[in-house]
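Chemist: would you be able to build a 3D model of this:
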Amino acid sequence: MDVKETEVHRALSVEPRRQVLGLLASYGPLSLEDLSRKTGLKTITLRHHMRILENTGLVESFLKGRDGPGRPTQLYTIVSRYVNLSFPKRQYEMLTQHLLEFLLKKKGEKYTVSILREIGAKLGEQLMKNLSFQYGIQRWDEDKFSEYVLPEIAKMGSYPSLTKRADGSLEIRISNCIFYEVAKANPKIVCEGHKAFFQTIANYLGKYEAVNEYCIAEGNRHCITILKNLEAARKV
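Modeler: Reported below is the predicted structural model:
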């Protein structure tokens, strides 16, 4: 492991710094005051953490002028939202990319997509079965989804959030694509596995249809998957 990577791991060994990176990934440029409100930490403490994150190249700052009189505001923004935190560095991405390319070459796009859908569905099924057993949940709803499912997705490093739209559909916003390095070469294919994962989860909530709306690997700021409420759509 080189010196730069060692510094990154040291910087991220402290929970508040990881929390700050998650907030910057989810909400974009934030000031020390913004971060203080969201983390509960004092600005003087945050200034120390931000200096370390800046020195390692994970975060950068810039000044934004005010509309009226007064000093400009210093804002912080994340530099790299796709940090490999393994120690030592693993090469799973390389292996996965080669496997994906092999499947595409030998079996074609249709077969590869079917495999990724199957894997995504299986991961979603395992997650929901484990959570149902662990917390004794027999009937899932939106509140239980937010309380139990989102934290599990967050543990993967995705920085998820959930918003209910006016039409009754659920918007799942992912601020960090954990498959970014692989997905950026074949976003349409890899995202089919992503959609199958959420479709399986949605099946536990009722009659919902998962639709991929935006993708980080295609240059968007977030991955957004919509769980369309089919029951609500029929009533309109």
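
Chemist: what does the residue most central in space within the chain show for phi and psi?
Modeler: Among the residues of the chain, the one closest to the centroid is residue 158, at 2.4 Å (CA atoms, centre = their mean). For residue 158, the backbone dihedrals (degrees, to the nearest 10) come out as phi -90, psi -20.

Chemist: quick check, pLDDT for it.
Modeler: pLDDT, residue 158: 81.

Chemist: ignoring the adjacent residues along the chain, who's closest to it?
Modeler: residue 174 (4.8 Å; CB to CB, 6 or more residues apart in numbering). Where you see a C-beta, it was placed from the backbone N, CA and C, and this is true even at glycine.

Chemist: wait, what's in contact with the one you found?
Modeler: 153, 158, 159, 160, 216, 222, 223, 224, 225 (CB atoms under 8 Å, 6 or more residues apart in numbering).

Chemist: again, only using 10 Å
Modeler: Each residue near residue 174 by CB atoms under 10 Å, 6 or more residues apart in numbering is listed here: 25-26, 153-154, 156-161, 194, 198, 214-216, 222-225.

Chemist: over to residue 198?
Modeler: Residue 198 touches 120-121, 124, 149, 153, 170, 172, 174, 208, 210-212, 225-227, counting by CB under 10 Å, 6+ apart.

Chemist: which of the residues you listed are buried? Put it as a ChimeraX command.
Modeler: Restricted to buried positions by 16 or more other CB atoms under 10 Å, the ChimeraX selection for the contacts of residue 198 reads:
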select :120,121,124,149,153,170,172,174,208,210,212,225,226,227
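
Chemist: domain ranges for this protein?
Modeler: Annotated domains of the chain cover 3-78, 92-235 [automatic domain parsing].

Chemist: low pLDDT regions in the protein?
Modeler: 1-6, 66-70, 80-91, 233-236 (pLDDT under 70).

Chemist: hmm, try it at 80
Modeler: In the predicted model, the chain carries pLDDT under 80 at residues 1-10, 12-13, 26, 28, 65-71, 80-93, 157, 178, 231-236.

Chemist: ranges for the helices of it?
Modeler: Using DSSP state H, the helices assigned to the chain run over residues 3-11, 15-27, 32-39, 43-55, 92-107, 109-135, 142-144, 150-155, 180-183, 187-205, 230-235.

Chemist: close enough to count as contact, the residue nearest to the centre of the chain and residue 177?
Modeler: Yes - if you go by CB atoms under 10 Å, residue 158 and residue 177 touch, sitting 7.5 Å apart.

Chemist: overlap of the contact sets of the two?
Modeler: With CB under 10 Å, 6+ apart as the test, residue 158 and residue 177 both reach residue 223.

Chemist: now stretch 148-167: buried residues?
Modeler: 148, 149, 153, 157, 158, 159, 160, 161.

Chemist: export those to TSV and tack on distance to residue 128?
Modeler: Rendered in TSV, the data for the buried residues of stretch 148-167 read as follows (distance: CB to CB, whole Å):
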residue	distance to residue 128
148	9
149	8
153	12
157	20
158	16
159	21
160	15
161	19
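
Chemist: so which of those residues comes closest to residue 48?
Modeler: residue 159 (23.1 Å; CB to CB).
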